[in-house]
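**Q** just the structure for this:
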Amino acid sequence: MQGAFDFAAADLRRWRDALVRAFGPPPTGPRRSPVGQLVKSILSARTRDAVSGAAFDALVARYPDWRRVADAPVGEIAATVAEVTFAEDKAAYVRAALRRVGRERPDFDLDFLRELPLADALAWLERLPGVGRKVAATTLNASTLDRPVAIVDTHDLRVLGRLGFVRPGADARAASEAVTAAMPNWSGEEFLLFHLLLKRLGQVICRWDTPECGRCPLREDCPTGRAVTG
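**A** Model (predicted):
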């Protein structure tokens with residue numbers, strides 16, 4: 001008899017394959033260092049990738065190393081990343097997170113997270129100011145650490161909820177844990193590609209306000225889509 005995770009794994013593989021056919025393999029780009037990805041992820045919340053990427057590049061161009069960012073005034077950091085949403089709050093989180101990292105890891109090298117059990121690595125990051133499960137998972141998965149853990153942002157969570165993969169009201173932590181547990185043999189790269197595919201679906205078709213269920217490549221599996229399209 002198949003267990004719940006066997007069915008979940010089949011669903012995830014089928015959805016991944018359908019999204020690759022619909023959108024093509026998403027580009028991933030070069031991977032940042034873990035601390036660089038940590039900062040980029042804090043800046044990314046509720047901000048378009050192009051904007052947060054430009055803000056991150058501006059931060060790196062202004063400060064020669066992460067210690068200088070940790071020592072900079074919050075207002076100066078905020079002015080550097082001014083185009084992101086909630087720039088002042090994010091500047092404060094970035095500085096506080098980097099100060100904590102610097103106290104415990106003066107070289108700002110987070111490669112040790114590669115060797116910790118996944119739950120311990122996530123917990124270590126989630127102790128930092130401004131770091132929840134999405135930022136922690138992205139730091140581990142999308143950086144040079146390349147760890148196999150699911151990234152779940154607001155787009156992923158909306159899609160997974162409409163598909164019925166997670167229960168109504170589930171948060172990003174619960175969804176990330178469910179996807180990660182269902183796919184124990186996926187590599188870090190496979191988790192990253194799945195996140196990018198779900199995110200694209202959520203951005204262009206499965207939008208929060210006006211989903212276009214009629215052209216969704218996953219509509220046959222989606223209770224929401226079937227209800228809309230009949």
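**Q** quick one: list the elements packing against the longest helix anywhere in the chain.
**A** Longest helix in the chain, counting residues (DSSP state H): helix 4-23. Applying 3 or more Cβ pairs under 8 Å, 6 or more residues apart in numbering; DSSP states H and E, one finds that helix 4-23 contacts helix 172-182, helix 188-204. (Glycine included, C-beta is placed from N, CA and C.)
**Q** and the residue lying closest to Leu198 once chain neighbours are set aside, its phi and psi?
**A** Nearest residue to Leu198 in three dimensions, chain neighbours excluded: Asp156, at 4.4 Å (Cβ to Cβ, 6 or more residues apart in numbering). In this entry, Asp156 is assigned phi and psi values of phi -60, psi -50 (degrees, to the nearest 10).
**Q** so what's Asp156 up against?
**A** Under the criterion of Cβ atoms under 8 Å, 6 or more residues apart in numbering, the contact partners of Asp156 comprise 172, 175, 195, 198-199, 202.
**Q** can you tell me how far it sits from Val179?
**A** 8 Å (Cβ to Cβ, to the nearest Å).
**Q** before we move on, what about Phe165?
**A** Here the criterion is Cβ to Cβ. By it, Phe165 lies 8 Å from Val179.
**Q** among the two, which residue is more densely surrounded?
**A** Taking neighbours as other Cβ atoms under 10 Å, Phe165 and Val179 compare with Val179 leading, 26 against 20.
**Q** thought the more buried one was touching Leu157?
**A** No. Val179 is beyond contact range of Leu157, at 10.5 Å (criterion: Cβ atoms under 8 Å).
**Q** right, I'll call it a day here.
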